[in-house]
Each structure stands twice: as structure tokens, then as C-alpha cells.
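> Just need the structure, nothing else, for what follows:
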Amino acid sequence: MNTQEAIIEAAIALFNLKGYQGTSIRDIASRANVNPATISYYFKNKQGLLEECLIYFFEPYLSFLEDETEKLENDSAQLCLIRAIKKVIFFQSKHYQLARFVWREVTIDSQTSREMISLYLMKEQYFYTTMIQKALKENKIPSPISMIVIQLKGMLMMPYLNNLYVREVWGMIPQEPYFAEKYFNTIKNWLLILLGSEEENASPTIKKLPV
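I've put the predicted structure just below:
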């Protein structure tokens, strides 16, 4: 791990633990075992470091959705959507601290959250809407697309935003691969029922998706 990566990892851990406002450059420098001037050199200030953390999360996250949206020309929308969901769940499981911090920041009415919405979340909405709209059309099911997207988005965020609740109340650990597999399977089955394609009637390709 190089110096920049060490600083980003330290920032993610502290932003998750103490929040953005509750974390200082000195805190991050101490955890990363670097001089505060080193952070200024690479990221200018705390805001610059925050923006780098958001890029660290949203670039791969959105690439999963974009890749599957582009495959709609050749694959069924149902398959593309399920593959995208699987990638998103396992990505959040692997980067659970960063996921919790990012989704928590979105819930706060701030300049940062507004920038996230305009820069990243409008794209997210487009990708999910495009895949779901085509999946519904393929299955000839009239449904309120916006409500389905909101439901799906809520399910994908919930265990990572509310990590403590899931651990303490339900005794489950969202960052464990076992949980990610079971959670993906649950959402996949919900989606198949919604689209009128229960598990036993799903295409062989969807059935073969590892869960």
C-alpha cells in the first residue's frame, strides 16, 4: 500500500467512525502514520480527500451499472439487472466502511450530499431505471418504475448503511461473504417474483448465477 492509499484508507475508517465533520486532518495523518503536510500535498485539504474517497466508491460502483446497461442490446434486461445487483452487493460487502459512510452522507442535507446527487446518483437512477424499464417491458408487466427503483435502492443500501442494527438486532454481519450471498439470493428471488419469473421458471443463465 502506497502513501496515498494509506491516507485514503485512514480517512475512510475515521469518516465511518466519527463522521466527516468530526474528523480532522491531524486525526487522519496520525492513523495513516504520515505528516499532515503530506495530506495537503496529495489532496490539498480535507474536502479534497473526501472527494477522492467518493471517487474511490462511485467510479467502480457506477461502472458495474453502466457495464450491464450497455449489455442490454445482447442480453435480457432481467439477467443484466441481476448481475448488476450481485456486483453491487459484493462491492459494498468488501468496502463496507466506505459504503456506510457514503450512504450516511447522502442522508444529510449538505453541499456534499447535493454534489453526490448531481454527480453520481442521477447516473445511478438512470442505469437502474433503464434496466428495470426494459425488464418490465420484456415481461409485459405494467408497474410504477420509480417505486420499484426506490424499493430496490433501499434494499441494496439497508444492511450497509445500518450495519450496527443488522449486527446487534439480527446477529448478522453484512461484510461477511456468507451474508452477501444470502442477501443477493433474497433480492434476486424478490425481483424474479416481481417480474413474473419465479426461481423455478427463471432462465438457465439466471439459475446458474452463483449465490
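
> contacts and neighbour counts: CA atoms only from here.
OK.

> so what's Ala11 closest to, chain neighbours aside?
Ile28 (5.6 Å; C-alpha to C-alpha, 6 or more residues apart in numbering).

> which SS state does the one you found fall under?
In the three-state summary, Ile28 is assigned as helix, counting by DSSP: H, G, I helix; E, B strand; the rest coil.

> from now on call the first residue 28
Yes, from this point I'll number from 28; that puts the last item at Ile55.

> can you pull the contacts of it?
Ile34, Ala37, Ala38, Leu41 (C-alpha atoms under 8 Å, 6 or more residues apart in numbering).

> Tell me which of these fall in helices.
Taking DSSP state H, the ones among the contacts of Ile55 that sit in helices are Ile34, Ala37, Ala38, Leu41.

> for the residues you listed, which one is nearest Leu89?
The shortest approach to Leu89 among those belongs to Ala38, at 21.6 Å (C-alpha to C-alpha).

> Run through the residues that contact the closest one.
Ile55, Leu76, Cys80.

> Same question for the lengthiest helix in the chain: list its buried residues.
With secondary structure taken from DSSP H, the chain has its longest helix at helix 73-97. Neighbour-count burial for helix 73-97, counted by 16 or more other C-alpha atoms under 10 Å, picks out 73, 76-77, 80-81, 84-85, 88-89, 91-93, 95-96.

> who's in contact with that helix?
By C-alpha under 8 Å, 6+ apart, helix 73-97 touches 35, 38-39, 51-52, 70, 107-108, 110-111, 114-115, 118, 125-126, 129, 147, 150-151, 154-155, 157-158.

> How far off centre is it?
9 Å (C-alpha atoms, centre = their mean, to the nearest Å).
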